[in-house]
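K.L.:
Quick one, structure for this:
(4 chains)
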There are 4 protein chains.
Amino acid sequence: MVKRIGLMTSGGDCPGLNTAIRAVVKSAINNYGYEVIGFRDGYRGLVENRFVKMKLSDVSGILDKGGTILGTTNRYNPFAVTVDKDGEKTVKDMSDRIVDTLKMHDIDCLVVIGGDATINYANRLIEEKGINVVAIPKTIENDIYGTDMSFGFMTAVNTATYAIDKLHSTAESHHRVMILEVMGRFAGWVALEAGIAGGADVILIPEIPYDINKVARAIFERRNKGKSFSIIVMSAGAKPEGGITEPVNNGNGNGNYTMPYEGTSAFLARELEKLTSLECRITVLGYLQRGGEPSPYDRILATRFGASAVNIINKGEFNRMVCVDHEQINSIPIKEIAGKVRKVPVNSELIQIARYMGVSFGD
Amino acid sequence: MVKRIGLMTSGGDCPGLNTAIRAVVKSAINNYGYEVIGFRDGYRGLVENRFVKMKLSDVSGILDKGGTILGTTNRYNPFAVTVDKDGEKTVKDMSDRIVDTLKMHDIDCLVVIGGDATINYANRLIEEKGINVVAIPKTIENDIYGTDMSFGFMTAVNTATYAIDKLHSTAESHHRVMILEVMGRFAGWVALEAGIAGGADVILIPEIPYDINKVARAIFERRNKGKSFSIIVMSAGAKPEGGITEPVNNGNGNGNYTMPYEGTSAFLARELEKLTSLECRITVLGYLQRGGEPSPYDRILATRFGASAVNIINKGEFNRMVCVDHEQINSIPIKEIAGKVRKVPVNSELIQIARYMGVSFGD
Amino acid sequence: MVKRIGLMTSGGDCPGLNTAIRAVVKSAINNYGYEVIGFRDGYRGLVENRFVKMKLSDVSGILDKGGTILGTTNRYNPFAVTVDKDGEKTVKDMSDRIVDTLKMHDIDCLVVIGGDATINYANRLIEEKGINVVAIPKTIENDIYGTDMSFGFMTAVNTATYAIDKLHSTAESHHRVMILEVMGRFAGWVALEAGIAGGADVILIPEIPYDINKVARAIFERRNKGKSFSIIVMSAGAKPEGGITEPVNNGNGNGNYTMPYEGTSAFLARELEKLTSLECRITVLGYLQRGGEPSPYDRILATRFGASAVNIINKGEFNRMVCVDHEQINSIPIKEIAGKVRKVPVNSELIQIARYMGVSFGD
Amino acid sequence: MVKRIGLMTSGGDCPGLNTAIRAVVKSAINNYGYEVIGFRDGYRGLVENRFVKMKLSDVSGILDKGGTILGTTNRYNPFAVTVDKDGEKTVKDMSDRIVDTLKMHDIDCLVVIGGDATINYANRLIEEKGINVVAIPKTIENDIYGTDMSFGFMTAVNTATYAIDKLHSTAESHHRVMILEVMGRFAGWVALEAGIAGGADVILIPEIPYDINKVARAIFERRNKGKSFSIIVMSAGAKPEGGITEPVNNGNGNGNYTMPYEGTSAFLARELEKLTSLECRITVLGYLQRGGEPSPYDRILATRFGASAVNIINKGEFNRMVCVDHEQINSIPIKEIAGKVRKVPVNSELIQIARYMGVSFGD
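P.N.:
Residues are numbered from 1 along each chain as shown, chains lettered A, B, ... in the order given. Next up, the predicted model:
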């Protein structure tokens, strides 16, 4: 029988992390009488055994606060940690330390709140170390396989949509092409949904390689109808057919930019100016999509996920990720989803709807 | 084959009406080459044959604007119109005028964007007059039967949640009970979702009659845990067990208040002050839930609904309402839904989740 | 030489209280090495000697949070406290307790953050008890005499303006008169500034008694120009010429409503419906003006006030209120302002500007 | 006597342009019976005689809309226009065309709404061509000489402050240094005011060259106090002492970036990572500061400016710019301000207040 659970948040910042923490803690303590041990800064805190025993008062007032009170670490792989000893760097598998930590605290099940990478490491802990895990999906990009929706995404769609709203008036006043680059390395969900919500004229996503001539044509067609401006929303991972041949430094397109950031939007702007002689201006939304308070939608979703995670622990259903399955909360074995990415189906209804609205995907 | 469609908006104001109008017009003209005749002010404009031929330029730039460019009328029943002739008022069935109007304009199908009442009248026009209708559901209260979601609702949830956020700091600083009354005559969706998103302590909805003593107890229990304030969110239609015995003038609880408005929240505040000796303060959100720009979520939903309505017209599938069915866009025969209300199931997952979070429903 | 200062917040909730607290504490500790003793719940906490020694960590992260971490009490007069002893209520002067409390803690100067009433009590403490006080003005209504601006006001103007923005689309879609009642018992600043910012058609303020016929005429004039709707913004204290003759229960018009609230807007709506036969709908903004996070403008102002209050303490300039004097931070003796109210001059530039924009003041 | 006025907007987009247009048009037509001729796209429209006679209905509903209905042109100098004739580019003085245009339309006075460059060209038109001009100052950067405040600035401060709020939670969760680059080539007003409002730890502005070691020290000092993150807000024109020696392409730092944008923030991030070994992440706010709806503050200010501009025309006071002088609306001769920039005084009260709050300016 479960008595103590572990809890941590891992990966990039995402609106709703605190909401999910609150839901797990309240549900675990109030409904099942579990003890909850929080680990700091994701897997790093598990390796380093940095923990806090969580009380109800710790999660009071955090429902609508951005960030995570537990801290997080991005791109920390517990199976390959860079260790610096006397100036000599070596890569070491520290995953057994996690096993030790969990044993020391008598943790019956570890709740991980994270994205793709977090879930992949969790799968290895399950498979290779026999740890009990329940995962809660969070992601700005909505690309976690096995769930229709992860919290954080709709807040990012809001941020991106309101950015389009702002760019709209400037584009129109200046007769310009305004390009907004949003998150999405492999999946174009943010660009697609914000593009529809913001009334973008062109939406470019990784799933549909674009033809620069067709993008230019879409802009000229608007001009012919008397519209002297255009709005393009593109995923960080959107690429032209054939890829980008010149050297482009685009960081990982996920808000972790090396400097200077030379993203896919810069390439597009340059090519488009050549083809159209119109002023093209870019805005990279970057971190603004990650921070701030979660939208009411995400607060509800994160609360449902958090409470449901504790429910399935109580039923002894370990090694699963809670998910949304056709608007119902459900769960799915982690091993079935690890390593997969949820992309936009190119014939999906949303793509179709966007086309009906006159949006060009550059194809 | 369809060549011309009619379009009107009817019932109370709702964020997303313009978005839906835009989607219908763009889709109808661009994709199918239909002509679109817009009728002003809902059924009244159909009776009085006040129309406008809609062009693409009419719907340019309205995606994110509140209200409806076609105007609307609330509580106008075309089957029972009050006619004033020489000071003598009579009630008359004007529905044949609608038939005449549609015939004069050679309308093959009428698209109605509206709520319960609108859909009920549409059903009578279908059944009694043989009119082709396709309906698009809009409602603040999310109580339209046959669809999981109507546009306007999530924007209202946002408005209500941000109101809770605001009341929170005042409640805490003043050690008070703050009561927020939101829309919902028969269904408690706004109170429930905003209550969860805003972290309300008590949520009162029409589906669960409350026991005033249990509400007071919930507040005292918080006080015993050191929380000197409480937030109550209640639907306009929330009632105590046994109903309200004293005369209460609560308008129709739907933002159409007679003056002075003496709503269900005033009754609760009075009774609660007696039982607890705590200061109870009420805020009636009213019209603020109806106006303003639609949220990105509602813009996407209204766009999907609008485009889908035209799609089913093109397939000759008349007399249906477009709907969300487990997150997929679908449609349902109007006759199956007319006269029904979508209430919160008292054992639904959302109610359960709220209880896990410690929310009292006063039961 | 000053070593320890007291700090409290008093009166109704107001965005920026926490910002001001932070500024006082950071400035006092970091720049002058003072100790800061915070008293809870305004004058009540001073009477009851409920205090906390404030550290820098107490004010970390509160800059943008609504409410006050010190708590507050509304309408608590330390010179006339209702004491309940064995069921017998007596009114007692408890102000000597404040003297005792301050002496016990060795407080050299008390910083009070509050509005009219708070400042009046402070003046009595200065004059009658010889206490050193520095005041920081806060008010939603901007009616504190001696300063051009108090924090909280511009946040309330934002809230009221965005409410007008929301009502606008509904008014236009429904061809209605929408009435928004905002705070302002004696001074019409919120109605005036929000009315200009929101493009109201009629603005009614306490300083200009209105003629109901002239209000109706303004609405008809719009109708004659083809505008089928109107927006009226009114202060809670706006009255018709000759006053309201029928019994009206309007609480104190300041968000402390008895129930049911029957405010000045209800009276106006009823009379206007009689005269115009147009649908008139009211919205009472109430507490939504008091809560929530302060706007950037108010955060800057509250920070300036807080730091300046500590500066003048350091110079030994006691018994003054910090103020804005033609956009410069300054200070003014409390005795010169106690008991006075800052009203809108009826010939002020803002009134004139509003008239140029076509606004009717009902006069 | 004045009968007809011209009106145009020029320079970069700025929230409040439409508000000012509305105020000029309403005031001119309603109060003085002037005719108003609007010219499209700034000075270019004057050169090319592209105009529209403005009616009251043209400015209905634009009060709160971003952008400008008249269009604008950035960096178009009528005294040096690049003309392309048969592939040969020549630079030509087209200012006489403006004289011709104004004469053709019988314009008695031209109202220009714009920033530094716009006002400088206006000054040349006055001095060299004898045109009557009244100017209304607009700028994001608040660097127009001769006025305490221009519209657009406070909206940009809001945008920047809310961006800081968002970055805050990510910085804290990830233990990072987050750098926000805001507008301000020569004057650091946006960085300064948003930095204070957002609680930035370091503010870097053009007026105070920074020492990178002192910036690093400020971050380490926070770390020593247990704060594992820092927020830096910097103007686009902030530079280290001695300037930046390596080649940096920073566009003009004013939202008109060449691609890739390699701004001053990228330089800072790189240097700071070297010195501190902490992760430094940059966000360039760019165009998001220019677009979108004006804040209530800016709506009021733009309305006051617009109405006042017409008032001084009516008094025959030409060749002046309306301004804010210690919170009063006033006006100042254009020739006194042309060519000057309003910088942040390094000993100003705001700088001092920020220092009291513990902010480092890197000096």
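K.L.:
Just the helices from the stretch 1-150 of chain A, written as ranges.
P.N.:
Listed in chain order, the helices of the stretch 1-150 of chain A (DSSP state H, counting those that start in this stretch) span residues A:17-26, A:32, A:43-48, A:95-104, A:116-129.
K.L.:
longest helix of chain A?
P.N.:
If you go by DSSP state H, chain A has its longest helix at helix A:153-174.
K.L.:
is it anywhere near chain D?
P.N.:
Yes - counting by CB under 8 Å from any CB of the partner chain, chain D is contacted by helix A:153-174 at A:162-163, A:165-170, A:172-174. C-beta coordinates here come from the backbone N, C-alpha and C atoms, glycine included.
K.L.:
could you check whether that helix is close to chain C?
P.N.:
No - remark: helix A:153-174 sits outside contact range of chain C, by CB under 8 Å from any CB, the gap being at least 13.8 Å.
K.L.:
Can the helix or strand following that helix be said to contact chain D?
P.N.:
Per DSSP states H and E, the first helix or strand lying C-terminal to helix A:153-174 is strand A:177-182. Yes - using CB under 8 Å from any CB, we find that strand A:177-182 touches chain D at residue A:178.
K.L.:
Strand A:177-182 pairs with which strands?
P.N.:
strand A:230-235 (parallel), strand A:280-284 (parallel) (DSSP bridges).
K.L.:
Next one: residue A:217 from chain B, what distance?
P.N.:
According to CB to the nearest CB, to the nearest Å, residue A:217 and chain B sit 16 Å apart.
K.L.:
what's the distance between residue A:207 and residue A:146?
P.N.:
18 Å (CB to CB, to the nearest Å).
K.L.:
Just want to know which of those two has more residues nearby.
P.N.:
residue A:146 (24 against 20; other CB atoms under 10 Å in any protein chain shown).
K.L.:
Leaving out the residues flanking it, which one is nearest to the more buried one?
P.N.:
residue A:337 (3.8 Å; CB to CB, 6 or more residues apart in numbering or on different chains).
K.L.:
Backbone torsions only: list them for the one you found.
P.N.:
Main-chain torsions, residue A:337, degrees, to the nearest 10: phi -120, psi -20.
K.L.:
What ranges does the stretch 201-350 of chain A have for its strands?
P.N.:
Here the stretch 201-350 of chain A has its strands, by DSSP state E, counting those that start in this stretch, at A:202-204, A:230-235, A:280-284, A:320-325, A:328-333.
K.L.:
looking at the ones you listed, which has the lowest confidence?
P.N.:
Ranked by mean pLDDT, those bottom out at strand A:280-284, with a mean of 92.
K.L.:
could I get that one in PDB with only the CA atoms?
P.N.:
Extracted as PDB, the C-alpha positions of strand A:280-284 are listed here (Å, rounded to 0.1, in the frame of the first residue of the first chain):
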ATOM      1  CA  CYS A 280       9.600  42.100 -43.700                       C
ATOM      2  CA  ARG A 281      10.000  42.300 -39.900                       C
ATOM      3  CA  ILE A 282      10.500  39.500 -37.400                       C
ATOM      4  CA  THR A 283       9.500  39.000 -33.800                       C
ATOM      5  CA  VAL A 284      10.800  36.000 -31.900                       C
END
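K.L.:
and the stretch 1-150 of chain A, which residues reach chain D?
P.N.:
A:9, A:13, A:17, A:41, A:65-68, A:71-74.
K.L.:
Please dump those into CSV; it should also carry pLDDT and neighbour count for every row.
P.N.:
What follows is the residues of the stretch 1-150 of chain A next to chain D, written out as CSV (pLDDT from 0 to 100; neighbours: other CB atoms under 10 Å in any protein chain shown):
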residue, pLDDT, neighbour count
A:9, 98, 31
A:13, 94, 29
A:17, 98, 30
A:41, 96, 24
A:65, 95, 19
A:66, 95, 26
A:67, 95, 27
A:68, 96, 30
A:71, 96, 22
A:72, 93, 29
A:73, 89, 22
A:74, 85, 19
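K.L.:
Which of these sits closest to residue D:221?
P.N.:
Nearest to residue D:221 among the residues of the stretch 1-150 of chain A next to chain D, counting by CB to CB, is residue A:71 at 20.8 Å.
K.L.:
Contacts only, for the closest one.
P.N.:
By CB atoms under 8 Å, 6 or more residues apart in numbering or on different chains, residue A:71 lies in contact with A:9, A:40-42, A:45, D:173-175.
K.L.:
Next, find the distance separating residue A:276 from residue B:345.
P.N.:
Residue A:276 is 55 Å from residue B:345, by CB to CB.
K.L.:
Next: residue A:298.
P.N.:
Residue A:298 sits 23 Å away from residue B:345, taking CB to CB as the criterion.
K.L.:
Could you count how many residues lie near the nearest residue to residue A:138 once chain neighbours are set aside?
P.N.:
Excluding the flanking residues, the one nearest residue A:138 by CB to CB, 6+ apart is residue A:14, at 4.6 Å. Residues lying near residue A:14 (other CB under 10 Å) number 33.
K.L.:
can you check residue A:316 too?
P.N.:
Per other CB under 10 Å, the neighbour tally for residue A:316 reads 11.
K.L.:
so who does it touch?
P.N.:
Counting by CB under 8 Å, 6+ apart, residue A:316 has contacts residue A:2.
K.L.:
Export the strands paired with strand A:177-182 to a markdown table and append columns for mean neighbour count.
P.N.:
Shown next, in a markdown table, are these (neighbours: other CB atoms under 10 Å in any protein chain shown):
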| stretch | mean neighbour count |
| --- | --- |
| strand A:230-235 | 29 |
| strand A:280-284 | 24 |
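K.L.:
Is it possible to get CSV of those strands that adds distance to residue A:213?
P.N.:
Compiled in CSV, the strands paired with strand A:177-182 are given as follows (distance: least, CB to CB, whole Å):
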stretch, distance to residue A:213
strand A:230-235, 14
strand A:280-284, 15
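K.L.:
Dump the strands of the stretch 201-350 of chain A to a markdown table, plus distance to residue C:120.
P.N.:
Listed next are these as a markdown table, based on distance: least, CB to CB, whole Å:
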| stretch | distance to residue C:120 |
| --- | --- |
| strand A:202-204 | 61 |
| strand A:230-235 | 56 |
| strand A:280-284 | 51 |
| strand A:320-325 | 57 |
| strand A:328-333 | 56 |
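K.L.:
Residue A:150 is nearest to which of those strands?
P.N.:
strand A:320-325 (8.2 Å).
K.L.:
tell me the angle of the closest one relative to helix A:116-129?
P.N.:
Put simply, strand A:320-325 runs at 140 degrees to helix A:116-129, going by axes from the mean of the first three to the mean of the last three CA atoms, to 10 degrees.
K.L.:
Show me which residues of strand A:320-325 are buried.
P.N.:
Neighbour counts using 16 or more other CB atoms under 10 Å in any protein chain shown place A:320-324 of strand A:320-325 among the buried residues.
K.L.:
what's the answer for stretch A:72-90, then?
P.N.:
Residues of stretch A:72-90 classed as buried: A:72-74, A:76-79, A:81 (neighbour count, 16+ other CB under 10 Å).
K.L.:
Convert that stretch to PDB, retaining C-alpha atoms only.
P.N.:
Provided in PDB are the C-alpha atoms of stretch A:72-90 (Å, rounded to 0.1, in the frame of the first residue of the first chain):
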ATOM      1  CA  THR A  72      13.500  22.700 -12.500                       C
ATOM      2  CA  THR A  73      16.400  21.800 -14.600                       C
ATOM      3  CA  ASN A  74      16.500  21.800 -18.400                       C
ATOM      4  CA  ARG A  75      18.500  19.300 -20.300                       C
ATOM      5  CA  TYR A  76      19.800  17.400 -17.300                       C
ATOM      6  CA  ASN A  77      20.100  13.700 -18.200                       C
ATOM      7  CA  PRO A  78      20.600  11.600 -15.100                       C
ATOM      8  CA  PHE A  79      21.900   8.700 -17.200                       C
ATOM      9  CA  ALA A  80      24.700  11.000 -18.600                       C
ATOM     10  CA  VAL A  81      25.700  13.700 -16.200                       C
ATOM     11  CA  THR A  82      28.800  15.700 -16.900                       C
ATOM     12  CA  VAL A  83      30.900  15.500 -13.800                       C
ATOM     13  CA  ASP A  84      33.800  17.900 -13.300                       C
ATOM     14  CA  LYS A  85      36.500  16.500 -11.100                       C
ATOM     15  CA  ASP A  86      39.800  18.400 -10.800                       C
ATOM     16  CA  GLY A  87      39.100  20.100 -14.100                       C
ATOM     17  CA  GLU A  88      38.600  16.800 -15.900                       C
ATOM     18  CA  LYS A  89      35.100  16.400 -17.300                       C
ATOM     19  CA  THR A  90      33.600  13.000 -17.600                       C
END
